[in-house]
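In: coords please:
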Amino acid sequence: MTIKERIISFLRNHPEGIGDDDLAKALNLRYRQQANMRCRELERESRIIRRQVKGKIHNFWVGDAFPHAPSMPSNKQHPRNIPSKSEDWFWEGNIQSKVVNFLKTQGFQIRSVADTASHQQGIDIVAEKEGKSLWVTVKGYPHGTDKTNPPVQASHWFKRAIFDIIEYRERDKEAALAVALPDFPRYRSLAEKITWLKPVVKYAYFLGQ
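Out: Modelled structure (predicted):
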(Lines give C-alpha, C1' and ligand atoms only; values in the text may rest on other atoms or scores of the structure.)
Protein backbone atom coordinates (compact mmCIF):
# COMPACT_ATOMS: atom_id res chain seq x y z
CA MET A 1 0.00 0.00 0.00
CA THR A 2 1.12 3.55 -0.66
CA ILE A 3 1.43 6.05 2.19
CA LYS A 4 -1.74 7.75 1.00
CA GLU A 5 -3.66 4.46 1.00
CA ARG A 6 -2.38 3.65 4.49
CA ILE A 7 -3.53 7.06 5.74
CA ILE A 8 -6.98 6.56 4.22
CA SER A 9 -7.28 3.13 5.86
CA PHE A 10 -6.19 4.51 9.23
CA LEU A 11 -8.51 7.53 9.20
CA ARG A 12 -11.49 5.41 8.15
CA ASN A 13 -11.02 3.38 11.31
CA HIS A 14 -10.37 6.36 13.59
CA PRO A 15 -13.33 8.78 13.32
CA GLU A 16 -12.05 10.66 16.37
CA GLY A 17 -9.36 12.18 14.14
CA ILE A 18 -5.60 12.45 14.59
CA GLY A 19 -2.84 15.05 14.16
CA ASP A 20 -0.03 14.83 11.59
CA ASP A 21 2.64 14.00 14.19
CA ASP A 22 0.67 11.18 15.79
CA LEU A 23 -0.40 9.89 12.38
CA ALA A 24 3.21 9.68 11.23
CA LYS A 25 4.10 7.76 14.41
CA ALA A 26 1.11 5.42 14.09
CA LEU A 27 2.09 4.53 10.53
CA ASN A 28 5.84 4.42 11.27
CA LEU A 29 6.56 7.09 8.68
CA ARG A 30 10.08 8.44 8.56
CA TYR A 31 9.07 12.08 8.33
CA ARG A 32 6.09 14.06 9.67
CA GLN A 33 5.91 15.90 6.34
CA GLN A 34 4.91 12.65 4.63
CA ALA A 35 1.69 12.62 6.65
CA ASN A 36 1.17 16.36 6.29
CA MET A 37 1.55 16.39 2.50
CA ARG A 38 -0.78 13.43 1.91
CA CYS A 39 -3.40 14.78 4.31
CA ARG A 40 -3.37 18.16 2.56
CA GLU A 41 -3.86 16.36 -0.73
CA LEU A 42 -6.80 14.39 0.72
CA GLU A 43 -8.28 17.65 2.00
CA ARG A 44 -8.12 19.14 -1.51
CA GLU A 45 -9.97 16.04 -2.71
CA SER A 46 -12.64 16.65 -0.02
CA ARG A 47 -11.97 13.22 1.48
CA ILE A 48 -10.88 14.57 4.85
CA ILE A 49 -11.30 17.78 6.80
CA ARG A 50 -8.51 19.40 8.79
CA ARG A 51 -9.48 21.49 11.78
CA GLN A 52 -7.96 22.62 15.05
CA VAL A 53 -8.42 20.55 18.20
CA LYS A 54 -6.84 22.07 21.30
CA GLY A 55 -4.54 24.19 19.18
CA LYS A 56 -3.36 21.44 16.82
CA ILE A 57 -4.61 20.48 13.36
CA HIS A 58 -6.36 17.09 13.29
CA ASN A 59 -7.46 15.07 10.29
CA PHE A 60 -10.98 13.64 10.05
CA TRP A 61 -12.17 11.19 7.40
CA VAL A 62 -15.37 12.13 5.52
CA GLY A 63 -14.60 10.62 2.11
CA ASP A 64 -17.16 7.82 2.30
CA ALA A 65 -19.99 10.30 2.79
CA PHE A 66 -19.94 12.13 -0.55
CA PRO A 67 -18.21 12.25 -3.94
CA HIS A 68 -14.83 13.95 -4.09
CA ALA A 69 -13.22 15.97 -6.83
CA PRO A 70 -9.78 15.02 -8.13
CA SER A 71 -6.91 17.05 -6.76
CA MET A 72 -5.42 19.79 -8.89
CA PRO A 73 -1.90 19.17 -10.16
CA SER A 74 0.61 21.07 -8.06
CA ASN A 75 2.14 22.80 -11.08
CA LYS A 76 -1.13 24.45 -12.04
CA GLN A 77 -2.16 27.81 -10.59
CA HIS A 78 -5.54 29.46 -10.47
CA PRO A 79 -6.11 32.50 -12.71
CA ARG A 80 -4.69 35.73 -11.32
CA ASN A 81 -3.18 33.74 -8.43
CA ILE A 82 -6.51 33.77 -6.62
CA PRO A 83 -6.67 30.96 -4.02
CA SER A 84 -9.19 28.21 -4.58
CA LYS A 85 -12.40 28.86 -2.68
CA SER A 86 -12.04 25.39 -1.16
CA GLU A 87 -9.06 26.76 0.78
CA ASP A 88 -11.39 29.04 2.76
CA TRP A 89 -12.69 27.44 5.94
CA PHE A 90 -16.01 29.22 5.36
CA TRP A 91 -16.53 27.78 1.88
CA GLU A 92 -19.83 25.90 1.65
CA GLY A 93 -18.15 22.58 0.90
CA ASN A 94 -15.95 22.84 3.99
CA ILE A 95 -18.90 23.71 6.23
CA GLN A 96 -20.80 20.78 4.74
CA SER A 97 -17.89 18.42 5.47
CA LYS A 98 -17.69 19.56 9.08
CA VAL A 99 -21.41 19.01 9.59
CA VAL A 100 -21.22 15.55 8.04
CA ASN A 101 -18.36 14.63 10.35
CA PHE A 102 -20.19 16.03 13.40
CA LEU A 103 -23.36 14.11 12.58
CA LYS A 104 -21.37 10.90 12.26
CA THR A 105 -19.96 11.39 15.74
CA GLN A 106 -23.54 11.84 17.01
CA GLY A 107 -24.62 8.48 15.64
CA PHE A 108 -26.32 9.67 12.45
CA GLN A 109 -26.28 7.63 9.26
CA ILE A 110 -25.49 9.85 6.25
CA ARG A 111 -27.98 9.02 3.49
CA SER A 112 -26.93 11.58 0.87
CA VAL A 113 -24.69 14.61 0.46
CA ALA A 114 -24.99 17.02 -2.47
CA ASP A 115 -21.84 17.90 -4.40
CA THR A 116 -21.56 21.60 -3.56
CA ALA A 117 -18.57 22.14 -5.86
CA SER A 118 -20.73 21.37 -8.90
CA HIS A 119 -23.83 23.08 -7.43
CA GLN A 120 -25.75 19.81 -7.41
CA GLN A 121 -29.47 20.34 -6.85
CA GLY A 122 -31.24 18.80 -3.88
CA ILE A 123 -30.95 18.72 -0.12
CA ASP A 124 -27.35 19.39 0.92
CA ILE A 125 -27.28 16.72 3.65
CA VAL A 126 -29.80 13.99 4.40
CA ALA A 127 -29.07 12.02 7.58
CA GLU A 128 -30.99 9.59 9.73
CA LYS A 129 -30.93 8.52 13.37
CA GLU A 130 -33.27 6.10 15.11
CA GLY A 131 -35.61 6.16 12.14
CA LYS A 132 -35.96 9.96 12.01
CA SER A 133 -34.69 11.99 9.07
CA LEU A 134 -32.62 15.16 9.29
CA TRP A 135 -32.44 17.52 6.31
CA VAL A 136 -29.74 20.20 6.33
CA THR A 137 -29.31 23.15 4.00
CA VAL A 138 -25.75 24.51 3.92
CA LYS A 139 -24.42 27.94 3.00
CA GLY A 140 -20.91 29.35 3.11
CA TYR A 141 -19.87 32.99 3.44
CA PRO A 142 -19.26 35.12 0.33
CA HIS A 143 -16.17 37.03 -0.68
CA GLY A 144 -18.44 39.59 -2.29
CA THR A 145 -18.31 41.03 -5.78
CA ASP A 146 -17.43 44.35 -7.39
CA LYS A 147 -21.07 45.35 -7.00
CA THR A 148 -22.04 43.58 -3.76
CA ASN A 149 -20.10 43.52 -0.49
CA PRO A 150 -19.94 40.31 1.58
CA PRO A 151 -22.54 41.24 4.27
CA VAL A 152 -25.13 42.17 1.63
CA GLN A 153 -24.49 39.02 -0.38
CA ALA A 154 -24.56 37.00 2.85
CA SER A 155 -28.07 38.34 3.47
CA HIS A 156 -29.20 36.92 0.13
CA TRP A 157 -27.64 33.55 0.92
CA PHE A 158 -29.25 33.50 4.35
CA LYS A 159 -32.66 34.19 2.83
CA ARG A 160 -32.19 31.32 0.39
CA ALA A 161 -31.35 29.00 3.28
CA ILE A 162 -34.47 30.04 5.18
CA PHE A 163 -36.59 29.55 2.07
CA ASP A 164 -35.08 26.06 1.76
CA ILE A 165 -36.22 25.33 5.31
CA ILE A 166 -39.75 26.56 4.62
CA GLU A 167 -39.90 24.48 1.45
CA TYR A 168 -38.56 21.40 3.27
CA ARG A 169 -41.16 21.75 5.99
CA GLU A 170 -43.89 21.86 3.35
CA ARG A 171 -42.50 18.65 1.84
CA ASP A 172 -42.19 16.78 5.15
CA LYS A 173 -43.97 17.74 8.36
CA GLU A 174 -41.97 15.28 10.49
CA ALA A 175 -38.33 15.56 9.36
CA ALA A 176 -35.89 17.43 11.59
CA LEU A 177 -34.52 20.47 9.75
CA ALA A 178 -31.37 22.54 10.16
CA VAL A 179 -29.43 25.41 8.56
CA ALA A 180 -25.62 25.04 8.57
CA LEU A 181 -23.61 28.27 8.36
CA PRO A 182 -20.09 29.49 9.09
CA ASP A 183 -20.09 31.41 12.36
CA PHE A 184 -20.03 35.05 11.22
CA PRO A 185 -21.62 37.97 13.10
CA ARG A 186 -23.69 38.80 10.02
CA TYR A 187 -25.41 35.42 10.08
CA ARG A 188 -25.98 35.61 13.83
CA SER A 189 -27.61 39.03 13.54
CA LEU A 190 -29.86 37.83 10.71
CA ALA A 191 -30.90 34.77 12.72
CA GLU A 192 -31.76 36.97 15.70
CA LYS A 193 -34.16 38.99 13.53
CA ILE A 194 -36.36 35.96 12.84
CA THR A 195 -36.29 34.11 16.16
CA TRP A 196 -40.09 33.82 15.98
CA LEU A 197 -39.76 31.51 12.95
CA LYS A 198 -37.85 28.68 14.66
CA PRO A 199 -40.66 27.40 16.91
CA VAL A 200 -43.16 27.77 14.06
CA VAL A 201 -41.25 25.88 11.37
CA LYS A 202 -39.20 23.82 13.87
CA TYR A 203 -35.60 23.92 12.73
CA ALA A 204 -32.14 24.43 14.20
CA TYR A 205 -28.85 26.14 13.31
CA PHE A 206 -25.40 24.59 12.99
CA LEU A 207 -22.82 27.41 13.29
CA GLY A 208 -19.29 26.24 12.63
CA GLN A 209 -15.74 27.50 12.38
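
In: roughly how far is the helix or strand of the chain with the lowest mean pLDDT from the heart of the chain?
Out: Least confident helix or strand of the chain, by mean pLDDT, DSSP states H and E, is strand 48-53 with a mean of 79. Strand 48-53 has its C-alpha centroid displaced from the chain centroid by 11 Å (CA atoms, centre = their mean, to the nearest Å).

In: same for it, what does it pack against?
Out: helix 32-44, strand 56-61, helix 92-105 (3 or more CB pairs under 8 Å, 6 or more residues apart in numbering; DSSP states H and E). From N, CA and C alone the C-beta is placed, and that goes for glycine too.

In: who does that strand pair up with?
Out: strand 56-61 (antiparallel) (DSSP bridges).

In: residues contacting Tyr31?
Out: Ala24 (CB atoms under 8 Å, 6 or more residues apart in numbering).

In: what sits up against the biggest helix by length in the chain?
Out: Criterion DSSP state H: the longest helix present in the chain is helix 150-171. Identification of contacts with helix 150-171 by CB under 8 Å, 6+ apart yields 123, 135, 137-145, 175, 177, 179, 181, 184, 186-187, 190-191, 194, 197, 201-203.

In: repeat that with 10 Å
Out: Contact with helix 150-171 is made by 92, 123-124, 135-145, 147-148, 175, 177-182, 184-187, 189-191, 193-194, 197-198, 200-205, as judged by CB atoms under 10 Å, 6 or more residues apart in numbering.

In: then stretch 191-204?
Out: 134-137, 158-159, 161-162, 164-166, 168-170, 173-181, 205, 207.

In: pLDDT weak spots in this structure?
Out: Within the chain, the ranges that satisfy pLDDT under 70 run 63-87.

In: tell me how far the ends of stretch 26-37 are from each other?
Out: 16 Å (CA to CA, to the nearest Å).

In: picking up where we left off before, can I get the helices and strands packed on strand 48-53 in a markdown table including mean neighbour count?
Out: Formatted as a markdown table, the helices and strands packed on strand 48-53 follow (neighbours: other CB atoms under 10 Å):
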| stretch | mean neighbour count |
| --- | --- |
| helix 32-44 | 18 |
| strand 56-61 | 19 |
| helix 92-105 | 22 |
